[in-house]
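Asker: sequence and computational prediction follow.
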Amino acid sequence: MSKRHKFETGMSREIESHLEQATQDYIARGLPPEEARLRARREFGPIDLAKEELRDTRRLRWFADFLRDARFTLRTWRRNPAFAAGVVAVLALGMGSATALFSVLDRILFRPLPYADPDRLVSFGEVLPLAGVASPPEIMWERAYFQFWQPAPQPFQSVTSMMGRGGPCDLTEERPERLSCARVESNFFDVLGVPVLLGRNFTAEEDRKGAPPVAIITHALWQRRFGGDPAAAGKMLQIDGNPVRVVGVLPPGFESPIGEPDLFLPQQLPPLPPFDPNQRSARFFTTVGRLKPGVTAQQATAAIAPLIDAGAKLFPQFTGPTKARVRNLRDLQVGDASRTAWLVLAASGVFLLMVCVNATGLLLARIAARSREFEMRAALGAGRARLARLAFAESILFAISAGGLGVCFSRGLLEVFLRLAPKSIPEIEHASLDLRVFAVAAVLSLVCGVAIGLWPALSSWRAGSIGAGSRSTAGLRPRARFVLISTQIALTVALLGSSGLLLHSLLNLVRVPLGFQSEQTLTMAITLNPANYPDPQRQTALFEQVLARIQAAPGTIAASWSNASPLGTYIITTGFPVDGAAASREAGLLRIRYATPGYVETFRIPVVKGRAFLEADRDGPPVAILS
Amino acid sequence: MPRHSDPAPSRDAALLQGTLDLLILRIVALEPLHGYGIVRRIEQMSGEALQIRQGSLYPALYRMEQRGLLTAGWKTNDSGKEAKYYRLTKAGRQALAEETEGWKRLRTAIDLVLEGHLPGYEEV
């Protein structure tokens, strides 16, 4: 800035002095001062144009110098293509993998959620006391929500609720389609701060039980079903055989706090039944709140702890301690993935660093090999700065070519990532190379260019200072080389160590004894449309029929139905009395799955004590197998 | 004193591309001079035949300074006004010698074409 300022004032001063002298000259020749000034101005021509031309000389010079250096560097590369290709390949490898990883992790770690003021949006509730679940979600019991959270208490500005992540529902019309439908409170999109693209939001009346069904659909569904028709709001869709009026369309890029519903419906909950102390099932919500400005999640957690406690007491079966949680929506979305994401990002950073150190080593070796050339240049009058700039231009050129190649490489790598990545990584399917990622890649390659160029530039600076070839050891001094090689080895060891640890913990995850054998076991899921299978008899008949066919198929050892597979979903229930001993809250909640006989055999789950289900249990007294 | 009322150089006095640099080198070689002085000196020495578009003088000066042919510094002139004086460097002196040589060769070559005859042909 100061340099530019100096240039500007110098330029103005010089032009000013020129006009002044010309004016004096004309006055001396007998013109009246006013006319003399005008004449001087006219002869000079447009001042702004002149200034712009002068500025150009400055800008172009910088660029022209770089171009000249770049051309020269390219010539040296052509003379030694193996070296250039090697450095570019090494750098491209590092930058490409870092870029691909960033594009995957960006969603998890950095990208702001598509809501208004997303930092103030939190998920809150009671952490479910589920034994054996690694990270139980926070939920809000329906009764507690309506008793204590309407209207929103301090420190919340507003709260809203959502029933689960959205369940399967069918579009039963031409071109039928399986969709995911989520039920939300009528103020859901207001609290998130997401305006509808088309149509309108839900009204409070539409959230009442028995109100005519309405829906707000995602941008993708709008495109798919209505071809982006602006008149779609107000049209009907057949959902599970019932006509539903579309009242609004969400903007593109909308993300649900949990799940990926295509369609949002109002909850339309019936009025709460009167309080029943023996009630063993209850609805619960995922609750989202907007904090008042300046309130942190920690403050909010402390503030709502008594409310959560009071809510839990509405279940007298539970008298033990409750745990309140308030966390950012991003944490709700990505869960535990963020810690792993940071680790992976750090590892890729170390990898990139190692790549840069390697490239620096190669460049330095080259400068050492070219020390004669540099001495010659110095002797011919090239300044040290000029020599340093030449070395620098080479590294920048390396970084730019490698950055370009790296982006291509990262495209391929991203494909591989997406193939290999488990579906459990949130949002991974949306990972792509967009402008944001390109910007990061560009910055990355510039930083790498500077990083790998700094030392070689300094080294050639020294080469320049030695002057007319008194000694020929312009390259790397033994000590510097030692430092460089040690850094390289240290980084390699550190990276190998940390990636080893990462791999180890990954393997641990994979090797966790599942309690069943997943080899040669296949699962499938069926969701029945309530329109076609309205009663349990018809549903059971279908399941029986399918099961019989599967069991009859050659190669089947065992088959069974369950409402959930091992590691899959479950139904939550309160503890219940066993042989008269009342369940305590400390025991937490229980997870239940229902299964037909053959479940244990199908998954080859060892039965430690007792027996597996028998066909006779279908109609006999209720039985259970405990974990 | 006859002056062009038109500030643009007349067509016959238009400078050949690249010759402005040579003229500047020559003028500044005589004594350190400021921009306006260079304009006036060229006009005077060419018998008012060469008119320089003043706006194009400074870009040329800046470029030559960047190429290391000239150095510049602010000085107070005899009338007590400040002005930026340009001075020839060693490299500038060398460039002047080379370009003068080049110009002379060019002029000789052009003269040969303009005044010479093809053998066997008489000028009409």
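Answerer: On my side now, so go ahead. Numbers count the residues shown, from 1 in each chain, chains lettered A, B, ... in the order given.
Asker: mind checking the longest helix of chain B?
Answerer: helix B:90-115 (DSSP state H).
Asker: list the buried residues in that helix.
Answerer: B:Gly92, B:Ala95, B:Leu96, B:Glu99, B:Trp103 (16 or more other Cβ atoms under 10 Å in any protein chain shown). C-beta: built from backbone N, CA, C; applies to glycine.
Asker: ok, stretch A:42-49 next?
Answerer: Across stretch A:42-49, burial judged by 16+ other Cβ under 10 Å covers A:Glu43, A:Phe44.
Asker: first-to-last residue distance for that stretch?
Answerer: 13 Å (Cα to Cα, to the nearest Å).
Asker: one more: stretch A:233-242?
Answerer: End to end - Cα to Cα - stretch A:233-242 spans 17 Å.
Asker: for chain B, which segments count as strands?
Answerer: B:33-34, B:70-76, B:82-88 (DSSP state E).
Asker: angle of the second one against strand B:82-88?
Answerer: Angle of strand B:70-76 versus strand B:82-88, following axes from the mean of the first three to the mean of the last three Cα atoms, to 10 degrees, is 150 degrees.
Asker: can you list the strands that strand B:70-76 pairs with?
Answerer: Taking DSSP bridges as the criterion, strand B:70-76 forms sheet pairs with strand B:82-88 (antiparallel).
Asker: what's the answer for the first one, then?
Answerer: Looking at strand B:33-34 with DSSP bridges, its paired strands and their directions are strand B:82-88 (antiparallel).
Asker: chain center to the partner strand, what's the gap?
Answerer: Chain-centre distance of strand B:82-88: 16 Å, with Cα atoms, centre = their mean, to the nearest Å.
Asker: pretty sure A:Ala393 sits against A:Arg71.
Answerer: No - counting by Cβ atoms under 8 Å, A:Ala393 stays clear of A:Arg71, with 9.6 Å between them.
Asker: so these two - more neighbours on which side?
Answerer: More neighbours surround A:Ala393 than the other of A:Ala393 and A:Arg71, with 22 against 11 (other Cβ atoms under 10 Å in any protein chain shown).
Asker: residues touching the closest residue to that one other than its chain neighbours, list them.
Answerer: Excluding its sequence neighbours, the residue lying closest to A:Ala393 (Cβ to Cβ, 6 or more residues apart in numbering or on different chains) is A:Asp69, at 3.5 Å. Residues near A:Asp69 by Cβ atoms under 8 Å, 6 or more residues apart in numbering or on different chains: A:Arg389, A:Leu390, A:Ala393, A:Glu394.
Asker: wait, A:Pro262 touches A:Ile217, no?
Answerer: No Pro there; residue A:262 is Asp. Yes - assessed by Cβ under 8 Å, A:Asp262 is found in contact with A:Ile217 at 6.7 Å.
Asker: which residues do the two both contact?
Answerer: Common neighbours of A:Asp262 and A:Ile217 (Cβ under 8 Å, 6+ apart) do not exist.
Asker: ok, these two, which is more surrounded?
Answerer: In terms of neighbours (other Cβ under 10 Å), A:Ile217 is the more surrounded of A:Asp262 and A:Ile217; the figures are 28 against 22.
Asker: hey, what's the more buried one bridged with?
Answerer: Going by DSSP bridges, A:Ile217 forms beta bridges with A:Val249, A:Leu263.
Asker: measure it to A:Ser180 for me?
Answerer: Applying Cβ to Cβ, to the nearest Å, the value for A:Ile217 to A:Ser180 is 12 Å.
Asker: quick one: the longest helix of chain B to chain centroid distance?
Answerer: Relative to its parent chain, helix B:90-115 has a centroid offset of 13 Å by Cα atoms, centre = their mean.
Asker: got it, and stretch A:522-538?
Answerer: 35 Å.
Asker: show residues contacting it.
Answerer: The list of residues contacting stretch A:522-538 from outside it, by Cβ under 8 Å, 6+ apart, reads A:Pro168, A:Asp170, A:Thr172, A:Arg178, A:Asp240, A:Gly241, A:Asn242, A:Gln539, A:Leu542, A:Phe543, A:Val546, A:Ser565.
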